[in-house]
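Peer 1: Could you look at this predicted model? Sequence included:
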Amino acid sequence: MKRKISKVLCFIMAMSMMLMFAACGNDNENAVAEYAKMNETAIVQIFNDSGAGQYASISVKNEGTNIVVESQFAEEPPEGAEESLEAGLDSISELLKETLAKMKEEEPEISTLIIRYLDHNGEVVAERKFS
């Protein structure tokens, strides 16, 4: 009988610890989601000012502890768009790294800034991650 009670208590403790760790992860994701929501306008403005979003609609969201800036073409991207977008991301990579550093100062739970260009069907044309 004592063994059975011991096993049940161990199981309950293990489940409690699992729930505790799961809740910690959700807090980080919630903090990043809240940051993305509260700062969407400012992030979109930085993206527009850099010229990186001139052909598309822009949205900001989180994926876990990552901030994702998605720019989607309304129509089929022009031929050579992938190379052009990659070159554009290269040219503003320092600006994006600085932006991520400022974001991390404001919300330390942010791990990565992801810039993602989508075609009119939602397929990824180009993507870059900054850590």
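Peer 2: All right, it came through fine. Everything quoted here is computed from the prediction, not taken from an experiment.
Peer 1: Where does pLDDT dip in this structure?
Peer 2: 1-27, 46-48, 50-56 (pLDDT under 70).
Peer 1: got the residue ranges for the strands in this structure?
Peer 2: Taking DSSP state E as the test, the strands found in the chain are 56-63, 66-73, 112-118, 124-130.
Peer 1: Give me the helices and strands touching the third one, please.
Peer 2: So that's strand 112-118. strand 56-63, strand 66-73, helix 81-91, helix 93-106, strand 124-130 (3 or more C-beta pairs under 8 Å, 6 or more residues apart in numbering; DSSP states H and E). In short, each C-beta sits where N, CA and C put it, glycine included.
Peer 1: what's the most buried one of these?
Peer 2: strand 66-73 (a mean of 21; mean count of other C-beta atoms under 10 Å).
Peer 1: For that one, C-alpha coordinates in PDB please.
Peer 2: Only the C-alpha atoms of strand 66-73 are listed here, as PDB (Å, rounded to 0.1, in the frame of the first residue of the first chain):
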ATOM      1  CA  ASN A  66      10.200  35.000 -32.500                       C
ATOM      2  CA  ILE A  67       8.900  38.200 -33.900                       C
ATOM      3  CA  VAL A  68       7.800  37.600 -37.600                       C
ATOM      4  CA  VAL A  69       7.300  40.400 -40.100                       C
ATOM      5  CA  GLU A  70       5.500  39.000 -43.100                       C
ATOM      6  CA  SER A  71       5.200  40.900 -46.300                       C
ATOM      7  CA  GLN A  72       2.800  39.500 -48.800                       C
ATOM      8  CA  PHE A  73       2.500  40.400 -52.500                       C
END
